[in-house]
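Visitor: build the 3D model from these lines:
(one chain, ligands or ions: 2)
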Amino acid sequence: MQKRHVDVAVIGAGSAGLSAWHMARKSADDVLLIEAGEYGTTCARVGCMPSKLLIAAADAAHRARQAGTFGVKVAEVDIDGEAVMARVKGERDRFVGNVLKSMKRIPEDQRLRGHARFIQPHTLQVGDHTQVTANAIVIATGSRATWPGFFEAAEDRLIINDDVFEWETLPESVAVFGPGVIGLELGQALSRLGVRTRTFGVGGAIGPLQSDKVREIADELFNAEFYLDPDADVQKIERSTEGVTLTFVERTTGKVLTETFDYLLAATGRQPNVDKLALENAGIELSERGVPSFNRFTMQCANTDGSASHIFIAGDANQAVPLLHEAITEGQIAARNAANLNDIKAGRRNVPLAIVFTEPQMASVGDSRASLEARFGGCDCIAEGGVSFDDQGRAVVMGENHGYLALYAEHGSGQFLGAEMLGPRVEHMAHLLAWALEQKMTVSDMLAMPFYHPVLEEGLRSGLRDLNANLQLGPAVTERCMECGPGD
Ligand SMILES: Cc1cc2nc3c(=O)[nH]c(=O)nc-3n(C[C@H](O)[C@H](O)[C@H](O)COP(=O)(O)OP(=O)(O)OC[C@H]3O[C@@H](n4cnc5c(N)ncnc54)[C@H](O)[C@@H]3O)c2cc1C
Ligand SMILES: NC(=O)c1ccc[n+]([C@@H]2O[C@H](COP(=O)([O-])OP(=O)(O)OC[C@H]3O[C@@H](n4cnc5c(N)ncnc54)[C@H](O)[C@@H]3O)[C@@H](O)[C@H]2O)c1
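Guide: Numbers count the residues shown, from 1 in each chain. Ligands and ions are numbered 1, 2, ... in the order given. This next block holds a predicted model:
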C-alpha cells in the first residue's frame, strides 16, 4: 500500500474537479486529482455535447421537412442512422479529445486513478493501492442516472443516456420515461430522426417548467409533434422476444394499448455519486438523502458537531444545481477555499439560468415563481407580464412562431426578478435576461435599451411593456405598438 500526503485532494476529474484542480494549484503546490472512471467528463462523453449533437441532426431533419412552408420542395427526408451516429460519436470524440489534451497539462504525479473513499476525515483509500491524507478534500464526484426498480423488467432493453451515444445506428422505436430535461431533449430528437417514440411522465411535469401557462403551451406544442403523456398510466413493463412491451392507457383515446419498443430509455432523474464514498468516516453532517450539508457560497461542508469541515463539495455531487456552468463555478470556489483553509471566502454566485435544447427551447432566468412567492412572503409584491410568440414578427418570418414568455418584477421598485419561457431560440434571450438580472435592472431600464428590427427580442420588448403596465409604471398594452414596426 502506497501512502501519500497532499495539500488538497480532489475526488473526480469531471468539469467541477478539473476546475477545482486548476484553482487549487494557484495557492497550493501539492494538489492531487483522483479519478475512478474514464477521463473526459460527463459533459463531453455522455452529457451536454453528444446530446446537442444528436439534437443538431434532428433539427436538420426537421428543417428539411418544414421547408415546404417556405415553398422549398424537399423530395423525401431519408435518415441514415449510421451516418447520424457516426457524426455524433465522431464530434463527441473530438470534444472528449480536447478535454484529454487539456488534462495532459496536469503533471502525472498530480493524478491518481482509482475509486476514492473515506477511511478517516483526512484520509482516503484509493483503489486497493494508495492511502492519501490531505489537509483539505474537494468532493466532485458528479451524478448518475437513477430509475425506479420496476423498470428492471425491461432487462437488457433498459437503457440510459450513456447507452444512446454508443449506438451504431438509430433503433426503430424507444419508449422514453421521464419528460424532464434529458427525456425531452433526447425524446424529441429521436422522434425527429424517425424513431417511433412515446414519452411517459408522472405528476404532470414537463421539463423544468413552473408556470402553468407556459407548461400548458409546451404540452400542446410537443404533443402536436410526438406522443407525450406527462401523467401517464403505465400498467405493465415486460421483456418480450421483440424488445420491451408496455401496457398503458393512451392519453388521447383512454384505450389500454400494448406496444413493443426496442428500448426503454430511463430519463427519470439523477442521483449524486456520494453513496460509495463511505461518508460515515468523513465526520461531516449528511442530509436525509445522504448528501453532505454545505454552504453554497463557500462550498464548505459542516462537521457533525456543526463546525466548519476541511471537506468541500462541488458540481452534481451536491445535487444543488446540476448544470455545467455551475459545476465549474462551484469547483473554483471549493478549491480556492480548500487551498486557503485559514482564509475562507464567499464566492460569487450567478443568478439562476437554465436552458433546455428542445424546439421550441425552454429557459428560466432567476428564481422560479414559487421561490419568489416564498421569498416575498405572499405580500402581493410580484407583478407578471408576458407575450406570446404566436404573432411575433421575426418568429413568423422564421416559421417558428410558437411559445410564450412570462416575466416577473417587483411592485414598487420595478426591479426585474426573472422569467420563464418557451420559444424560438430563447437561449439568447435567456442570456440577455440573466445579464439584466445580474445588473439589477428595472423593467424601465430594460425598456430603455436598444432593440433592433426585426428580431425576436422585439417580442421581449412587448413582454416588458406588458410587465411595466402591470407594475403600473407604463401604459396598458391594448393594441399593437404603433411606433415600433411590425416586429413586436
Ligand atoms: C444527457 C445530459 C445532458 C446534459 N446537458 C447539459 C447541458 O446542455 N447544459 C448543462 O449545463 N448541463 C448539462 N448536463 C449536466 C452536466 O453534464 C453536469 O452538470 C456536469 O457534467 C457535472 O459535472 P461534475 O464535474 O459535477 O460531474 P462529472 O463530470 O460527472 O465528474 C465526476 C467524476 O467523478 C468521478 N468519480 C465518481 N465517484 C468517484 C470516486 N469515488 N472516486 C474517484 N472518482 C470518482 C466520475 O468517474 C466522474 O469522472 C447534462 C447532463 C446529461 C446527463
Ligand atoms: N440543457 C441542459 O442544461 C440539461 C440537459 C440535460 C440534463 N441537464 C441536467 O441534468 C439533470 C437531470 O436531468 P433528468 O432529465 O434526468 O432529470 P429531471 O429531474 O429533469 O427529469 C426527470 C423527470 O422524470 C420524471 N419521472 C420520475 N419518475 C418517473 C417515472 N417513474 N416514470 C416517468 N417519469 C418519471 C420526473 O417527473 C421528471 O419529469 C437536470 O436537472 C439538469 O440539471 C441539463
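Visitor: and the residue of the stretch 151-300 of the chain nearest ligand 2?
Guide: Proximity of the stretch 151-300 of the chain to ligand 2 (C-beta to the nearest ligand atom) peaks at Gly180, 1.7 Å away. All C-beta spots, glycine's among them, are computed from the backbone N, C-alpha and C.
Visitor: that residue touches Gly203, doesn't it?
Guide: No. Counting by C-beta atoms under 8 Å, Gly180 sits too far from Gly203 to count as a contact (11.1 Å).
Visitor: okay, now Ser240: neighbour count?
Guide: Residues near Ser240, counting by other C-beta atoms under 10 Å, number 13.
Visitor: that one: what's it in contact with?
Guide: Neighbour list for Ser240: Thr260 [criterion: C-beta atoms under 8 Å, 6 or more residues apart in numbering].
Visitor: which pLDDT does the model give it?
Guide: At Ser240, the model reports a pLDDT of 96.
Visitor: so how far is Gly399 from it?
Guide: 41 Å (C-beta to C-beta, to the nearest Å).
Visitor: buried residues in stretch 257-266, which are they?
Guide: For stretch 257-266, the neighbour count (16 or more other C-beta atoms under 10 Å) marks Thr260, Phe261, Asp262, Tyr263, Leu264, Leu265, Ala266 as buried.
Visitor: just the ones of those in strands?
Guide: Thr260, Phe261, Tyr263, Leu264, Leu265, Ala266 (DSSP state E).
Visitor: what's in contact with the worst-scoring helix or strand of the chain on mean pLDDT?
Guide: Of all the helices and strands that make up the chain, helix 369-375 has the lowest average by mean pLDDT, DSSP states H and E, namely a mean of 82. The contact list for helix 369-375 (C-beta under 8 Å, 6+ apart) reads Gln210, Ser211, Gly366, Asp367, Ile382, Glu384, Ala406, Tyr408, Leu417, Gly418, Glu420.
Visitor: ok, so of those, who is nearest ligand 2?
Guide: Among these, Gln210 lies closest to ligand 2 (C-beta to the nearest ligand atom), at 12.3 Å.
Visitor: was I right to think the closest one contacts Asp367?
Guide: No. Between Gln210 and Asp367 there is no contact, the gap being 9.8 Å when judged by C-beta under 8 Å.
Visitor: any chance of the contacts of helix 369-375 in JSON lines, plus pLDDT?
Guide: What follows is the contacts of helix 369-375, written out as JSON lines (pLDDT from 0 to 100):
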{"residue": "Gln210", "pLDDT": "92"}
{"residue": "Ser211", "pLDDT": "92"}
{"residue": "Gly366", "pLDDT": "96"}
{"residue": "Asp367", "pLDDT": "89"}
{"residue": "Ile382", "pLDDT": "92"}
{"residue": "Glu384", "pLDDT": "94"}
{"residue": "Ala406", "pLDDT": "96"}
{"residue": "Tyr408", "pLDDT": "96"}
{"residue": "Leu417", "pLDDT": "97"}
{"residue": "Gly418", "pLDDT": "96"}
{"residue": "Glu420", "pLDDT": "97"}
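Visitor: among these, name the buried ones.
Guide: Of these, these count as buried by 16+ other C-beta under 10 Å: Gln210, Ser211, Gly366, Asp367, Ile382, Glu384, Ala406, Tyr408, Leu417, Gly418, Glu420.
Visitor: ok, and the closest non-adjacent residue to the residue nearest the centre of the chain?
Guide: Taking C-alpha atoms, centre = their mean, the centroid of the chain lies closest to Leu323, which sits 5.0 Å from it. Leaving aside its sequence neighbours, Leu323 sits nearest to Ala354 (C-beta to C-beta, 6 or more residues apart in numbering; 6.3 Å).
Visitor: secondary structure class for that neighbour?
Guide: Assigned state for Ala354: strand (three-state reduction, DSSP: H, G, I helix; E, B strand; the rest coil).
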